[in-house]
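*Asks:* here is the input, now give the coordinates:
(one chain, ligands or ions: 1)
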Amino acid sequence: MTPDPDDPVISVRDLVTGFGDTRVLDGASLDVARGEILGCVGASGAGKSVLMRTIVGLLPRRGGSIRVLGQDMARLGMGARRALERRWGVLFQHGALFSSLSAIQNVQFPMREYLRLSRRLMDEVAVAKLEMVGLDASVCHKRPAELSGGMIKRVALARALALDPEIVFLDEPTSGLDPIGAAEFDLLIKTLQQTLGLTVFMVTHDLDSLHAVCDRVAVLADRKVITVGPMATMLASDHPWIRSYFRGTRSRVGAATGAVRAVRAVS
Ligand SMILES: Nc1ncnc2c1ncn2[C@@H]1O[C@H](COP(=O)(O)OP(=O)(O)OP(=O)(O)O)[C@@H](O)[C@H]1O
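*Replies:* Below you'll find the model as predicted:
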């Protein structure tokens, strides 16, 4: 699906959010287009998770506006709000599975909260969601403590997909995975986005994920979204933080340059 910039699924304007006397975001604005994967980056503590949690209504907004799927979040009554919540899924940092529930029960949790389905149908749907993220029936009755980090992320993704959402919010989906597991997870996200037509808002520190799956990247700094654009924009930016993040020694560009220097030094 080609992202349509004229059809923003999420529109954040002049957002102010904070805790006590501290403002974490102060005038943050951002659009996420239908069908795109937008990566959100920024220094640790810049407010990426806070932005994501404020968009989905888990943290209060002190100012500005948030529109999701054309609806102003501040004007929704309880019923309309629940109806809107059914149209997105969230994968929280570290998966955030319920430790006392099995994998299948975790996936069924949003179904129990928002739908009235028979037990049999819920079982069928949950197994299908687990298969969709590459897990077979053998994990169904395992609890999170019995699963690997990669499996936990997949179960959390299956839970985020439980209600057939239009938008998926992912908070550091590849953190803690080895490079192969992270690449597989990136591919899974990209495949799901393309086959299901999802819009994806993804908080990440993973430069490989940004390169592999994101259509655009939003950079949070100084309590605002300072730049949004494709990777080419990030690589061309002269902003000091963006430059050191995307072209520093741990980036592909930096690594390639370092490698060239090393080869030159040897020869
Ligand atoms: N519940 C909370 N109560 C008080 N302060 C909070 C709370 N949640 C987040 N913060 C503060 O808000 C700021 C932004 O936090 P946030 O988790 O959004 O950062 P982040 O950009 O996602 O960082 P990281 O990349 O390290 O996960 C931090 O200073 C953090 O301490």
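
*Asks:* is Val16 part of a helix or strand, or is it coil?
*Replies:* What DSSP: H, G, I helix; E, B strand; the rest coil gives for Val16 is strand.

*Asks:* need the distance between the two termini of stretch 189-202.
*Replies:* Distance between the boundary residues of stretch 189-202 (Cα to Cα, to the nearest Å) amounts to 10 Å.

*Asks:* and what of stretch 74-91?
*Replies:* The first and final residues of stretch 74-91 sit 23 Å from each other (Cα to Cα).

*Asks:* so Ser49 sits in a helix?
*Replies:* Yes: if the criterion is three-state DSSP, then Ser49 is within a helix.

*Asks:* run a quick neighbour tally on it.
*Replies:* The local packing count at Ser49 equals 18, with neighbours defined by other Cβ atoms under 10 Å. The C-beta positions use only the backbone N, C-alpha and C, and glycine is treated the same way.

*Asks:* residues in contact with Met52?
*Replies:* 40, 90, 169, 171, 201, 203 (Cβ atoms under 8 Å, 6 or more residues apart in numbering).

*Asks:* of those residues - the most surrounded one?
*Replies:* Highest neighbour count within those, by other Cβ under 10 Å: Cys40, with 28 neighbours.

*Asks:* SS state for it?
*Replies:* For Cys40, the secondary-structure state derived from three-state DSSP is strand.

*Asks:* for it, give me the pLDDT.
*Replies:* Residue-level confidence at Cys40 comes out at 96, pLDDT.

*Asks:* and the contacts of Met52, which is closest to Val228?
*Replies:* In terms of Cβ to Cβ, no member of these lies closer to Val228 than Cys40, at 9.5 Å.

*Asks:* give me every residue that touches the closest one.
*Replies:* Residues counted as contacts of Cys40 (Cβ under 8 Å, 6+ apart) are 48, 51-52, 201-204, 217-218, 220.

*Asks:* how about 6 Å then?
*Replies:* For Cys40, the contacting residues are 48, 203, 218, by Cβ atoms under 6 Å, 6 or more residues apart in numbering.

*Asks:* now, which of those residues sits nearest Val9?
*Replies:* For the contacts of Cys40, the minimum distance to Val9 (Cβ to Cβ) is 14.0 Å, reached by Ala218.

*Asks:* do you know how far the closest one is from the ligand?
*Replies:* In this structure, Ala218 lies at 12 Å from the ligand, with Cβ to the nearest ligand atom, to the nearest Å as the measure.

*Asks:* ok, the closest residue to Arg53 other than its chain neighbours to the ligand distance?
*Replies:* By the measure of Cβ to Cβ, 6 or more residues apart in numbering, the closest residue to Arg53 outside its immediate chain neighbours is Leu59, 4.6 Å from it. Here the distance between Leu59 and the ligand works out to 7 Å (Cβ to the nearest ligand atom).

*Asks:* burial measure for Gly45, as a count.
*Replies:* One way to gauge burial is a neighbour count; for Gly45, by other Cβ under 10 Å, it gives 9.

*Asks:* from Thr22, how far off is it?
*Replies:* According to Cβ to Cβ, to the nearest Å, Gly45 stands 11 Å off from Thr22.

*Asks:* any figure for the gap between Leu121 and the ligand?
*Replies:* Using Cβ to the nearest ligand atom, one gets 37 Å for the distance from Leu121 to the ligand.

*Asks:* which residues of the protein score low on pLDDT?
*Replies:* 1-6, 95, 249-267 (pLDDT under 70).

*Asks:* can you give me the helices for it?
*Replies:* Taking DSSP state H as the criterion, the chain carries its helices at 48-55, 78-85, 103-114, 119-132, 149-160, 179-196, 207-213, 231-236, 240-247, 252-266.

*Asks:* can you name the residues bridging to the nearest residue to Asp7 once chain neighbours are set aside?
*Replies:* Ranked by Cβ to Cβ, 6+ apart and with sequence neighbours excluded, the top spatial neighbour of Asp7 is Arg34, at 4.5 Å. Residues in a beta bridge with Arg34, per DSSP bridges, are Asp4.

*Asks:* distance of Arg34 from Val203?
*Replies:* Between Arg34 and Val203 the computed distance is 20 Å (Cβ to Cβ).
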